[in-house]
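Enquirer: kindly generate the corresponding structure for this input.
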Amino acid sequence: MMDVNEIRRYLPHRYPFLLVDRVVELTPGESVVAYKNVTVNEPFFNGHFPDHPVMPGVLIIEAMAQAAGILGFKTMDKTPQDGSIYYFVGADNTRFKRPVVPGDRLQLEAKILTERRGIWKFEVKATVEGELVCSSTILCADRKL
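Expert: Model prediction:
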């Protein structure tokens, strides 16, 4: 549904911090399904860990937050070029179930739970081949640049 060129219209992130490669399903006001192809060429694998590469958990959370950000921007019909930015402001009940390694396709899912005064709450999860990697409830704040 959205390739990386369109994703870049809705997220201010750029290499090496853009962590969503494609959006495959999106229902504004409801949910999004996206993915990140994890390759051995990711810059973080040089130090985490060179002989046993594992994607850092904080980057898995960030990837889920970026998918949620796309959903929020599409729901509001805004882009960063409109002077709006989405800040990741919190995570609750975060659990990691398995490591993510080179060659994995990390599926990212986000569902809107609530929105009040520009604070959005999302239920997010990441899976690899249907197996749960991480789940969390995250908060994002829509603010002016």
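Enquirer: all helices of the protein, in order?
Expert: Under the criterion DSSP state H, helices of the chain are mapped to 4-10, 57-76.
Enquirer: what about the residue lying farthest from the centre of the chain, distance to residue 45?
Expert: Relative to the C-alpha centroid of the chain, counting by CA atoms, centre = their mean, residue 51 is the outermost residue, at 26.4 Å. From residue 51 across to residue 45, the span is 10 Å (CB to CB, to the nearest Å). The C-beta positions use only the backbone N, C-alpha and C, and glycine is treated the same way.
Enquirer: and what of residue 73?
Expert: Counting by CB to CB, the gap from residue 73 to residue 45 is 29 Å.
Enquirer: contact partners for residue 31?
Expert: Contacts here follow CB atoms under 8 Å, 6 or more residues apart in numbering; on that basis residue 31 touches 25, 71, 109, 110, 111, 112.
Enquirer: picking up where we left off before, what residues are shared contacts of residue 51 and residue 45?
Expert: With CB under 8 Å, 6+ apart, residue 51 and residue 45 have no common neighbours.
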